[in-house]
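>>> no sequence for this one, just the structure:
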């Protein structure tokens, strides 16, 4: 009878030992897991910095290309920008493994690449033209042009007026603002194309169809007839049909326009370009870049301003995601 309490004590001791062992294993596993999370977090931060470093280097390279293109134009006294110039050649996906240390083992397959391109921002309709800053009135001609562009891509032209009215209310906000304004009395300033979603009637689907034809620039600008798409050319010249604009785009592939006079001389008789709305040169460029490094990728878009003089191009904004 005395053996039973002893057996019970041994059973309790075994259970206690198992519980302590399980607890110790759990604690050790938790420590290893936390260490792995910290290591992965540090690795992600390193990859993020490397991606930013690569894209910022690509931006410096882009600025150099645009600066040299401007110097070359000034040397030959031909202030013309067209799609046959070096800046217009897109960068296909280029492997960077031999230049960038991506932290992978030598036995792993390397994976580091950069791709992108430069787009003439003045080949697109500038939303700022609808209501130029600092607080200018709505330009009816520009509203009509934007409305025609919307029609060309199969969208409601009434969105043009709604956009202009939102911009005007946003531009007049600082003068009317007081300490007790409400969110409804402070319309969103349209600084990027995505901001158009604040305009009543705009949807992500509409914006997706329009994105390649519009841009938001810091000031009112002209349309470069050497780089603009048919939809934009037709919108810029009220009496020019979409098919006629497409014919002009085909013609410029063999010989770009050296002056605006060359372009207007090819317009149909009923079509006339308003003075100060078209050009053959550009001051603003969009730079699109994508870097792929190990398991992570990053997309970047930047707006670069290239002044008319010999000064260096300037980065107006950068967006990364």
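That came through, no problem. The shown structure was predicted, so the numbers you read here are calculated from the model rather than taken from an experiment.

>>> tell me the helices in this structure, going along the chain?
Secondary structure of the chain (DSSP state H): helices located at 3-75, 140-152, 158-171, 173-176, 204-210, 230-236, 242-252, 260-265.

>>> worst average pLDDT in the ones you listed?
Lowest mean pLDDT within the helices of the chain: helix 173-176, at a mean of 52.

>>> re the thing from before, in JSON lines, list the helices of the chain along with distance to residue 114 and mean neighbour count.
All C-beta spots, glycine's among them, are computed from the backbone N, C-alpha and C. Formatted as JSON lines, the helices of the chain follow (distance: least, C-beta to C-beta, whole Å; neighbours: other C-beta atoms under 10 Å):
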{"stretch": "helix 3-75", "distance to residue 114": "6", "mean neighbour count": "12"}
{"stretch": "helix 140-152", "distance to residue 114": "33", "mean neighbour count": "20"}
{"stretch": "helix 158-171", "distance to residue 114": "35", "mean neighbour count": "20"}
{"stretch": "helix 173-176", "distance to residue 114": "41", "mean neighbour count": "11"}
{"stretch": "helix 204-210", "distance to residue 114": "25", "mean neighbour count": "14"}
{"stretch": "helix 230-236", "distance to residue 114": "29", "mean neighbour count": "24"}
{"stretch": "helix 242-252", "distance to residue 114": "30", "mean neighbour count": "16"}
{"stretch": "helix 260-265", "distance to residue 114": "36", "mean neighbour count": "14"}
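
>>> Figure out which of those helices is closest to residue 189.
With C-beta to C-beta, the closest approach to residue 189 among the helices of the chain belongs to helix 158-171: 4.6 Å.

>>> Name the nearest residue to residue 285, sequence neighbours excluded.
Leaving aside its chain neighbours, residue 285 sits nearest to residue 304 (4.9 Å; criterion: C-beta to C-beta, 6 or more residues apart in numbering).

>>> again with residue 298
residue 51 (4.2 Å).

>>> The one you found: what's it in contact with?
Residues near residue 51 by C-beta atoms under 8 Å, 6 or more residues apart in numbering: 291, 293, 296, 297, 298.

>>> From the residues you listed, list the buried ones, please.
291, 293, 298 (16 or more other C-beta atoms under 10 Å).

>>> Identify, from these, the entry nearest to residue 46.
residue 293 (9.8 Å).

>>> Wait, the closest one touches residue 114, no?
No. Under the criterion of C-beta atoms under 8 Å, residue 293 makes no contact with residue 114, lying 9.2 Å away.

>>> joint contacts of the two?
residue 54.

>>> For the residue nearest to residue 285, grab the count of nearby residues.
21 (other C-beta atoms under 10 Å).

>>> Now do it against residue 59, distance only.
Distance, residue 304 to residue 59, by C-beta to C-beta, to the nearest Å: 8 Å.

>>> Overlap in contacts, these two.
Counting by C-beta under 8 Å, 6+ apart, the residues touching both residue 304 and residue 59 are 287, 315.

>>> one step back: which residues does the residue nearest to residue 285 contact?
59, 62, 63, 66, 284, 285, 286, 287, 313, 314, 315, 316.

>>> same thing but 7 Å
62, 63, 66, 285, 287, 313, 314, 315, 316 (C-beta atoms under 7 Å, 6 or more residues apart in numbering).

>>> swap in residue 239?
Contacts of residue 239 by C-beta under 7 Å, 6+ apart are 270, 271, 272.

>>> same thing but 6 Å
By C-beta atoms under 6 Å, 6 or more residues apart in numbering, the contact set of residue 239 is 270, 271.

>>> for the one 3 residues further on, same thing?
Applying C-beta under 6 Å, 6+ apart to residue 242 gives the contacts 152, 230, 234.

>>> If you drop the residues flanking it in sequence, what lies closest to it?
Closest to residue 242 by C-beta to C-beta, 6+ apart is residue 234, at 4.7 Å.
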